[in-house]
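1. sequence? don't have it. structure:
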């Protein structure tokens, strides 16, 4: 689970949230603040989160344009066709969904607690069985 990143690999001092990237609009900024105040991310995960926030802003801008211009547009021969942004928006949502999945964010507070316990257990196991601490148990142990 990468979304609830291991605090030991955090790029910032404890208690400090990363700054909102420049150029984000209102929805992207709100998502950034909401997520980074709850979870700690590695630098590579922050890059994914920034892409998510930018996509949220882009989709929001598409929504505004579609709302202003309508779902239908005139085609090259004057026929009625779906607005080109409808398909583009759908493609953006597919990418957004994949990026959000990469962050592995828990769905609920109870799941977040379970993830945190899992991270602590993993850290303890790595510390216990690290090569510099002694031998790693064999498959028969």
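-> Thanks, I have the structure now. A quick note: this is a predicted structure, and the numbers were derived from the prediction, not measured.
2. Break down this protein into its strands, ranges please.
-> With DSSP state E as the criterion, the chain has strands at 72-74, 80-82.
3. can you put these in a markdown table and add mean neighbour count, distance to residue 46 and mean pLDDT?
-> Every C-beta, even on glycine, is put in place using the N, C-alpha and C of the backbone. Shown next, in a markdown table, are the strands of the chain (neighbours: other CB atoms under 10 Å; distance: least, CB to CB, whole Å; pLDDT from 0 to 100):
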| stretch | mean neighbour count | distance to residue 46 | mean pLDDT |
| --- | --- | --- | --- |
| strand 72-74 | 12 | 38 | 95 |
| strand 80-82 | 11 | 36 | 96 |
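4. Just send those back as CSV, with distance to residue 56 too.
-> Listed next are the strands of the chain as CSV, based on distance: least, CB to CB, whole Å:
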stretch, distance to residue 56
strand 72-74, 24
strand 80-82, 23
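5. between those, which gets nearest to residue 107?
-> Residue 107 sits nearest to strand 80-82 of all the strands of the chain, at 32.5 Å, using CB to CB.
6. Can you give the strand pairings for that closest one, parallel or anti for each?
-> strand 72-74 (antiparallel) (DSSP bridges).
7. Who are the packing partners of the helix ranked longest in the chain?
-> When the chain is parsed with DSSP state H, its longest helix is helix 43-69. If you count contacts as 3 or more CB pairs under 8 Å, 6 or more residues apart in numbering; DSSP states H and E, helix 43-69 packs onto helix 26-36, helix 84-103.
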